[in-house]
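**Q** Coordinates for the following, if possible.
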Amino acid sequence: MGWLILAIVFGVTTYFWVMVNRDKGGPSHCMGCGKCDKDGVCVLKKGMNEERVKK
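**A** Numbers count the residues shown, from 1 in each chain. Predicted structure coming up:
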């Protein structure tokens with residue numbers, strides 16, 4: 001019975017998370033610095049892409 005309640009709570013939480021964040025186009029790890037609005041490149045993604053090139 002406890003697992004059923006946990007599953008329902010998880011499902012409702014996931015549903016509301018999707019409804020709140022469905023219209024956001026940016027990455028979920030965005031820290032809101034505004035850099036991507038200014039030059040179109042996310043600071044966090046830029047760092048990840050540079051690491052991939054080094055490998």
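
**Q** what stretches of the chain score poorly on pLDDT?
**A** Flagging of the chain using pLDDT under 70 yields the residue ranges 23-30, 46-55.

**Q** mind checking the longest helix of it?
**A** Ranked by number of residues, the top helix in the chain under DSSP state H is helix 2-21.

**Q** what packs against that one?
**A** If contacts are counted by 3 or more Cβ pairs under 8 Å, 6 or more residues apart in numbering; DSSP states H and E, helix 2-21 sits against no helix or strand. Yep, even glycine has a C-beta here, placed from its N, CA and C like the rest.

**Q** pull the CA atoms of the helix or strand just after that helix into PDB?
**A** Next helix or strand after helix 2-21 toward the C-terminus (DSSP states H and E): helix 35-39. Extracted in PDB, the C-alpha atoms of helix 35-39 (Å, rounded to 0.1, in the frame of the first residue of the first chain):
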ATOM      1  CA  LYS A  35      24.600  35.000 -21.500                       C
ATOM      2  CA  CYS A  36      22.700  32.900 -24.000                       C
ATOM      3  CA  ASP A  37      20.300  35.800 -24.700                       C
ATOM      4  CA  LYS A  38      23.200  38.200 -25.400                       C
ATOM      5  CA  ASP A  39      25.300  36.000 -27.700                       C
END
